[in-house]
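J.: fold the following, please.
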Amino acid sequence: MTSSVRDLKVYTTYPHSCSYLEDQEATTLFVDPRQRVDRKLYSNLSKLGFRRSGSHIYRPHCTHCDACIAARIPVDLFKPRRGQRRIWSRNQGLVVHATHDIRDNAAFELYQNYIESRHSDGDMYPPEREQYESFLSNVWDCTHYYRFYDGDSLIALAVVDELVDGLSAIYTFFDPALDRRSLGGFAILWQIEKAREMGLAYLYLGYWVRDCQKMAYKSDYRPLQLYVNGRWSTLL
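T.: Numbering: from 1, shown residues only. Okay, the predicted model is just below:
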């Protein structure tokens, strides 16, 4: 097994419809799926703007577009805004439990409800059990499933990978009927605090796309670091 990115083979996909920008084509760079991956290699690739989906590690590689920019929060520098402090306060009664598996019915039913209500126009609709387990699987034994409970009710679940230098927010889904709680925002704030508690430097947020409304929320967390031209730069 290698932890050096220099020794990796990578492949590109054929152009396909972009998930973020309407009427755009995208090309994706994938690490060879036969490559054995450990947490160190995965972490090194995350520092270079790569992302995980299931057992695949990828990065956008479009010829005529660079809109997808990897983003991370330096957790020790983050200071919540007034609205974020309200979200934090609003959800302090929730109880969080960590598990290492996501194949139970309660978790899938929450995911199913979320996708059907919020993302019926997306790639994950209709929600299917096999796709769900493949997408959110714990392939390298670094994934934690943080379950947020209101009493006995599971109302949100954050899928989080533990890297060498930070946490990576893979996916969060929640009860779409509880809009007032702003559970998606709370899950990010909670992960920031969790990274601090663990002595980690960053929370990796995936890709920020300026002209994609679904990704706009990421710029609300400041300072935000963006991976541009081979280096991380701070967006104040």
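J.: separation between the residue most central in space within the chain and Ser233?
T.: What sits nearest the mean C-alpha location of the chain, by CA atoms, centre = their mean, is Ile170, with 2.7 Å. Relative to Ser233, Ile170 is positioned 24 Å away (criterion: CB to CB, to the nearest Å). C-beta coordinates here come from the backbone N, C-alpha and C atoms, glycine included.
J.: mind listing the helices for the protein?
T.: In the chain, helices defined by DSSP state H lie at 39-47, 82-90, 105-118, 129-135, 183-197, listed in chain order.
J.: can you say which of those helices is nearest to Asn229?
T.: helix 39-47 (14.5 Å; CB to CB).
J.: which residues does Leu157 contact?
T.: Applying CB atoms under 8 Å, 6 or more residues apart in numbering, one finds that Leu157 lies in contact with 102, 107, 110-111, 145-148, 172-174.
J.: any idea what it is bridged to?
T.: In this structure, Leu157 has beta-bridge partners Arg147, Phe173, where bridges are defined by DSSP bridges.
J.: in space, what's closest to the residue nearest to the centre of the chain - neighbours in sequence excluded?
T.: Ranked by CB to CB, 6 or more residues apart in numbering and with sequence neighbours excluded, the top spatial neighbour of Ile170 is Val159, at 4.3 Å.
J.: what about the strands in the chain?
T.: 10-12, 16-17, 25-26, 28-31, 51-53, 56-60, 68-74, 95-99, 143-150, 153-162, 166-174, 202-209, 224-228, 231-235 (DSSP state E).
J.: what lies in contact with stretch 45-60?
T.: Outside stretch 45-60, the residues within contact range by CB under 8 Å, 6+ apart are 5, 26-31, 33, 37, 42, 68-70, 134-137, 139, 161, 163, 165-166, 168, 170, 204, 206-207, 227.
J.: just the pLDDT at the closest residue to Ile57 other than its chain neighbours, thanks.
T.: Take Ile57 and drop its neighbours on the chain: the residue closest to it by CB to CB, 6+ apart is Val31, 4.3 Å away. According to the model's per-residue confidence, Val31 sits at a pLDDT of 96.
J.: worst mean pLDDT across the helices and strands of the protein, which element?
T.: Of all the helices and strands that make up the chain, strand 16-17 has the lowest average by mean pLDDT, DSSP states H and E, namely a mean of 90.
J.: return the distance of it from the chain's centre.
T.: Relative to the mean C-alpha coordinate of its chain, strand 16-17 is positioned 21 Å out (CA atoms, centre = their mean, to the nearest Å).
J.: quick one: list the elements packing against it.
T.: Applying 3 or more CB pairs under 8 Å, 6 or more residues apart in numbering; DSSP states H and E, we find strand 16-17 packed against strand 25-26.
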